[in-house]
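[1] requesting a structural model of the entry that follows:
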Amino acid sequence: MRIHVGVLMQGQGHLNRAAELTRRLRARGHDLRVLLAGQAPPAYAEAAIGPFERLDLPNLVIASGELRRWATARSFGASLPARLAAVRALARRFASDRVDLVLTDFEPISALAARLAGVPAAGIAGQYRLTRTDARGPRAGATRAASLAIMEAWTPGLARYFAVTFSPARATRRATQVVDPIVDAAVRDAAPSAGGFTLAYLYAYPQARVLAALGGAPGRFRVYGFDRDETHGPVTFARTDRRAFVRDLAACEGVILNGSFQGVCEAAVLHKPVLSIPFGGQYEELYNAHQIERWGLGSVAPRLTSAAVTRFVTRPPAPPRAPVGDGATQVIEALGL
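    Numbering: from 1, shown residues only. Presented below is the predicted three-dimensional model:
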């Protein structure tokens, strides 16, 4: 079967989830074409997901741990003509290449092009928990309402929706199936240990702020997200390297991250508690943090501070019970691939 896979590039979670799914589909003999749309992918992207084409499009503008709403709206508005042109061009290619199926990891260009070309499409993303399941999040007034409306319109008109989740949920809408985390085989096969350090994935803060927060707390830290190889006392910054990250994830005592979804999935599979520091003004991150705390996967702090880090490393929550299912297998079986 000829399958197009669209992947949203915002952080690295969508890429790593899609990489595991594409690896398995290729092993089953399917012909895959991959599109990465959004920010620049990491250097390991081709090794993870195979050959790909890229659309350089702006997504969320995040600085110092805060969603910049107006800057995001301005950049999206400025890129709208390019987005519409990309949808039309991709729809024509779907027809000429005789694409059988489109899979989108919350990537809107591919979803809209599939609809325009009349190609069946399925979405696989954590965002569908918010709009298509009974897993409730925190009340956040207009922020919640606006965020849900945007998510609803982001990948419209799909034939199937797979809501990936690290916590219990039931589908509340048609054509929706709840599936377990999709994490790569290297994570599932890793042997958890206790290496005496805390792993941090913090890419949206100035380095000085990260150093102040972690350096003022007890213990050792390995930090990803800055693509640097530096050591400052107990804080070591590591270059972007997927294999090294998985190795450190398996060996750490706990994980500090933003309101990341895929990072929590990977940590939970390896029984690692997390400290979630959601981006301010970003409802999906607040939702993830709410679910993390509700289901005992870790703790939550409103800001990155030494006090919050100290509480986490000195009184960590119990290691979470790992999700037992394999979301990639569930998606492939449900689609008959």
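[2] ok, residue 40 touching residue 11?
    No: Residue 40 is beyond contact range of residue 11, at 11.8 Å (criterion: CB atoms under 8 Å). All C-beta spots, glycine's among them, are computed from the backbone N, C-alpha and C.
[3] neighbour count: the two, which is higher?
    Higher neighbour count among residue 40 and residue 11: residue 11, with 24 against 10, using other CB atoms under 10 Å.
[4] now do the SS call for that one.
    coil (DSSP: H, G, I helix; E, B strand; the rest coil).
[5] can you pull the contacts of it?
    Neighbour list for residue 11: 203, 260, 262 [criterion: CB atoms under 8 Å, 6 or more residues apart in numbering].
[6] switch those residues over to a markdown table; also include distance to residue 176.
    Converted to a markdown table, the contacts of residue 11 look like this (distance: CB to CB, whole Å):
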| residue | distance to residue 176 |
| --- | --- |
| 203 | 31 |
| 260 | 23 |
| 262 | 20 |
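[7] which members of those are positioned in helices?
    When these are checked against helices (DSSP state H), the matches are residue 262.
[8] any quick PyMOL command for the buried ones out of the contacts of residue 11?
    A single PyMOL command selects the buried members of those (16 or more other CB atoms under 10 Å):
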select buried, resi 203+260+262
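[9] I'd say residue 218 and residue 311 touch.
    No: counting by CB under 8 Å, residue 218 stays clear of residue 311, with 10.9 Å between them.
[10] more neighbours: the two, which one.
    It is residue 311, of residue 218 and residue 311, that has more neighbours when counted by other CB under 10 Å, with 15 against 11.
[11] looking at residue 137 now. What's its pLDDT?
    Turning to residue 137, the model gives it a pLDDT of 80.
[12] how about residue 91?
    According to the prediction, residue 91 has pLDDT 97.
[13] kindly report the same for residue 158.
    Looking at residue 158, its pLDDT reads 96.
[14] do residue 142 as well
    Predicted confidence (pLDDT) at residue 142: the value is 72.
[15] that one and residue 10, how far apart?
    Distance, residue 142 to residue 10, using CB to CB, to the nearest Å: 22 Å.
[16] ditto for residue 38
    According to CB to CB, residue 38 and residue 10 sit 6 Å apart.
[17] and for the two, which residues touch both?
    Between them, residue 38 and residue 10 share these contacting residues under CB under 8 Å, 6+ apart: residue 59.
[18] quick one, which of the two is more surrounded?
    Between residue 38 and residue 10, counting by other CB under 10 Å, residue 38 is the more crowded of the two (22 against 17).
[19] quick one: contacts for the more buried one?
    Contacts of residue 38 (CB under 8 Å, 6+ apart): 8-10, 55, 57-59, 107.
[20] one more time with 7 Å
    Residue 38 is in contact with 8-10, 57, 59, counting by CB atoms under 7 Å, 6 or more residues apart in numbering.
[21] quick one: the nearest residue to it once chain neighbours are set aside and residue 175, what's the gap?
    Leaving out its chain neighbours, the residue that sits closest to residue 38 by CB to CB, 6 or more residues apart in numbering is residue 9, at 3.2 Å. Shown here: residue 9 relative to residue 175, a distance of 26 Å by CB to CB.
[22] can you check residue 94 too?
    20 Å.
[23] looking at the two, which is more packed in?
    Set residue 94 next to residue 175 and count neighbours by other CB under 10 Å: residue 94 wins out with 22 against 13.
[24] okay, now the unreliable bits of the stretch 201-337 of the chain?
    Across the stretch 201-337 of the chain, the ranges flagged by pLDDT under 70 are 316-324.
[25] so residue 191 is in which element?
    Using DSSP states H and E, residue 191 falls within no helix or strand.
[26] can you pull the contacts of the residue nearest to it when sequence neighbours are not counted?
    Distances taken as CB to CB, 6+ apart put residue 250 closest to residue 191, at 6.4 Å, once the chain neighbours are dropped. With contacts defined as CB under 7 Å, 6+ apart, residue 250 is in contact with 190-193, 270.
[27] nearest to residue 125, out of the contacts of residue 11: which one, please.
    The closest of these to residue 125 turns out to be residue 262 (CB to CB; 10.1 Å).
[28] what sits against the closest residue to the closest one other than its chain neighbours?
    Among residues not flanking residue 262 along the chain, residue 13 sits closest, at 2.9 Å (CB to CB, 6+ apart). Listed by CB under 7 Å, 6+ apart, the contact partners of residue 13 are 260-263.
[29] what does residue 106 show for phi and psi?
    phi 60, psi 30 (degrees, to the nearest 10).
[30] please report how far it lies from residue 228.
    29 Å.
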